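[1] predicted model and sequence follow; I will ask about them next.
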Amino acid sequence: MPETKLDTVAVADRLRPVLLRVGRELRREARRVGISPEQVSLLVAIKYAPGSGIRELATRERVSAPAMSNHVDRLERDGLVQRTPSPSDRRRVGLTLTDDGQRVLRRVRSQRTAWLATRLKDLSPEQLAAIDAAIEPLSELLP
């Protein structure tokens with residue numbers, strides 16, 4: 001039997017709008033918790049690289065250092081992050097999540113998971129299995 005070869009451009013063209021719509025819905029779920037998707041992104045970045053400075057975070061998130069400083073100022077004012085002096089270099093200040101910042105991230109994650117679970121439960125067992133099987137290959141798309 002001849003092997004069927006899928007056209008990667010055609011698959012990408014069909015997958016892209018679906019991923020964009022799912023991403024948009026997940027961002028809406030963050031807003032329901034009372035935080036912007038951009039703030040969630042920064043909180044996640046700080047969570048996984050505690051002690052990072054403004055410049056490091058700006059480079060990682062691809063924004064200017066002054067813009068990042070403004071974003072961090074808002075997060076700090078909202079009690080979600082704190083600036084902590086480096087024990088080895090007093091000129092350096094690192095960022096860490098506060099307990100409230102950790103709680104907000106947990107609420108966002110719970111809200112997003114609940115949104116997805118609600119939609120997944122309406123699928124047939126075969127559809128759910130297909131999505132489960134696609135998770136690993138989809139994760140290979142990311143750096």
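    Arrived safely.
[2] just checking, what packs against the biggest helix by length in the chain?
    Taking DSSP state H as the criterion, the chain has its longest helix at helix 8-33. Judged by 3 or more Cβ pairs under 8 Å, 6 or more residues apart in numbering; DSSP states H and E, the packing partners of helix 8-33 are helix 37-48, helix 99-120. (Each C-beta comes from the backbone N, C-alpha and C, glycine too.)
[3] and the last one, what does it pack onto?
    Spelled out, it's helix 99-120. Helix 99-120 packs on helix 8-33, helix 37-48, going by 3+ Cβ pairs under 8 Å, 6+ apart.
[4] over to the first one?
    Under the contact definition 3+ Cβ pairs under 8 Å, 6+ apart, helix 37-48 sits against helix 8-33, helix 54-61, helix 65-77, strand 81-85, strand 93-97, helix 99-120.
[5] distance from the third one to the middle of the chain?
    Taking Cα atoms, centre = their mean, to the nearest Å, one finds helix 65-77 lying 18 Å from the centre of the chain it belongs to.
[6] residue closest to the middle of this structure?
    Nearest to the mean C-alpha position of the chain, counting by Cα atoms, centre = their mean, stands Ser41 at 4.9 Å.
[7] so for Thr118, which of the helices and strands packed on helix 99-120 sits nearest?
    For the helices and strands packed on helix 99-120, the distance to Thr118 is smallest for helix 8-33, at 10.7 Å, taking Cβ to Cβ.
[8] just the buried positions in that closest one, please.
    Buried residues in helix 8-33, counted by 16 or more other Cβ atoms under 10 Å: 26-27, 29-30, 33.
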